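**Student:** just the structure for this:
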Amino acid sequence: MDHILYEVKDRVAVITLNRPEAANAQTMELLDDLDAAWTRAAADDDVRVIVLRGNGRHFSAGHDLKGGGPAPEKLTLEYIYDIEARRYLEYTLRWRNVPKPSIAAVQGKCIAGGLMLCWPCDLIVAADNAEFSDPVVHMGIGGVEYHGHTWELGPRKAKEILFTGRPVTAEEAEKVGMVNRVVPLDDLDSASMELAEQIARMHPFALRQAKRAVNQTLDVQGFYAAVQSVFDIHETGHGNALSHSGLPVLMQLEGMKKNLRGQ
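**Tutor:** Have a look, this model is predicted:
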């Protein structure tokens, strides 16, 4: 688990993405280790709050398909669907529903799959240099696998960032309610931990029930069903790409992100 760091301090579990040289791009192995860290924090009775953060200049550049492990000689939609259903959709929904409050601390770039790490968290504290984007419409696909866009931004703003691929600034994200707080970059870790420690002093069962009440309300409004349905819409983009080029659309993201790692 070299690319995921884990520590517990004052009833707060801190999970750290630790691939700063790759802007914390997510290999399949990293996602498996990240899921293991979430599971560990959820099972630890000494942990009341979970903080997710990233080392380096950027929170996460999204999925790193070059680190995806061995692939079959012939790529099929079934193969892509099975991998993404588990590591992208199943993992993100599981993290969202961990019964303990969670906080994402986001700095720098948070691109595509990066959104699938911070959106499942209950709260987001953003550095003033944070930028959130989902540019995959450029590759002929309608958005990342976990469709939080409409819920996090509202329908019109969600359409704008998907249609244009432009990033949303931390200030803009706070205005629409996607981000709870914007703080100076140098204060990101301390502000996130201060908030986590404040929450950790609350009654743990009450926190669990408060979280469930909000998540359940969103699910009654259609969140869970919508995310499942839009995942299938996402997979049609891969099917279309395979029929034309034989390659998954998301592999083209690497070309868009190749300059990010040195920034």
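**Student:** alpha carbons only for contacts and neighbour counts from here, please
**Tutor:** Will do.
**Student:** please report how far R53 lies from L117.
**Tutor:** Distance, R53 to L117, using CA to CA, to the nearest Å: 10 Å.
**Student:** and if you look at V220?
**Tutor:** Taken as CA to CA, the span from V220 to L117 is 23 Å.
**Student:** and if you look at V176?
**Tutor:** Note on V176: its distance to L117, by CA to CA, is 19 Å.
**Student:** of the two, which one has the most company?
**Tutor:** Using other CA atoms under 10 Å as the criterion, V176 and L117 rank with L117 on top: 26 against 13.
**Student:** surely the more buried one is in a helix?
**Tutor:** Yes: using DSSP: H, G, I helix; E, B strand; the rest coil, the assignment for L117 is a helix.
**Student:** was I right to think it contacts Y91?
**Tutor:** No: taking contacts as CA atoms under 8 Å, L117 lies outside contact range of Y91: 9.5 Å.
**Student:** can you give me the strands for the stretch 151-263 of the chain?
**Tutor:** Listed in chain order, the strands of the stretch 151-263 of the chain (DSSP state E, counting those that start in this stretch) span 168-169, 181-183.
**Student:** name the surrounding residues that touch the shortest one.
**Tutor:** Contacts with strand 168-169, where a contact means CA atoms under 8 Å, 6 or more residues apart in numbering, come from N129, A130, E131, F132, S133, I161.
**Student:** again with the longest one
**Tutor:** For strand 181-183, the external contacting residues (CA under 8 Å, 6+ apart) are I124, V125, A126, A127, D128, A170, E171, E174, A191.
**Student:** so which of those is the most crowded?
**Tutor:** A126 (31 neighbours).
**Student:** please name the residues that touch it.
**Tutor:** A105, V106, Q107, A170, V179, N180, R181, V182, V183, L188 are the contacts of A126 under CA under 8 Å, 6+ apart.
**Student:** ok, it to H58 distance?
**Tutor:** 11 Å.
**Student:** overlap in contacts of those two?
**Tutor:** When contacts are counted by CA under 8 Å, 6+ apart, A126 and H58 have V106, Q107 as shared neighbours.
**Student:** still on that earlier bit, and the contacts of strand 168-169, which is closest to A213?
**Tutor:** F132 (27.2 Å; CA to CA).
**Student:** thought that closest one was touching V106?
**Tutor:** No: taking contacts as CA under 8 Å, F132 lies outside contact range of V106: 9.3 Å.
**Student:** if we can go back for a sec, among the strands of the stretch 151-263 of the chain, which is nearest F205?
**Tutor:** Closest approach to F205 among the strands of the stretch 151-263 of the chain (CA to CA): strand 181-183, 25.1 Å.
**Student:** so N129 touches A170, yeah?
**Tutor:** Yes: counting by CA under 8 Å, N129 touches A170, with 6.8 Å between them.
**Student:** low-confidence regions, the stretch 151-263 of the chain specifically.
**Tutor:** 244-263 (pLDDT under 70).
**Student:** which stretches of it form helices?
**Tutor:** For the stretch 151-263 of the chain, the helices defined by DSSP state H, counting those that start in this stretch occupy 155-164, 170-175, 188-200, 204-220, 223-244, 253-257.
**Student:** would you turn those into CSV with distance to T16?
**Tutor:** Formatted as CSV, the helices of the stretch 151-263 of the chain follow (distance: least, CA to CA, whole Å):
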stretch, distance to T16
helix 155-164, 27
helix 170-175, 20
helix 188-200, 11
helix 204-220, 23
helix 223-244, 26
helix 253-257, 21
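**Student:** out of those, which comes closest to L75?
**Tutor:** Nearest to L75 among those is helix 223-244 (8.0 Å), distances taken as CA to CA.
**Student:** what's the closest one packed up against?
**Tutor:** Applying 3 or more CA pairs under 8 Å, 6 or more residues apart in numbering; DSSP states H and E, one finds that helix 223-244 contacts helix 77-84.
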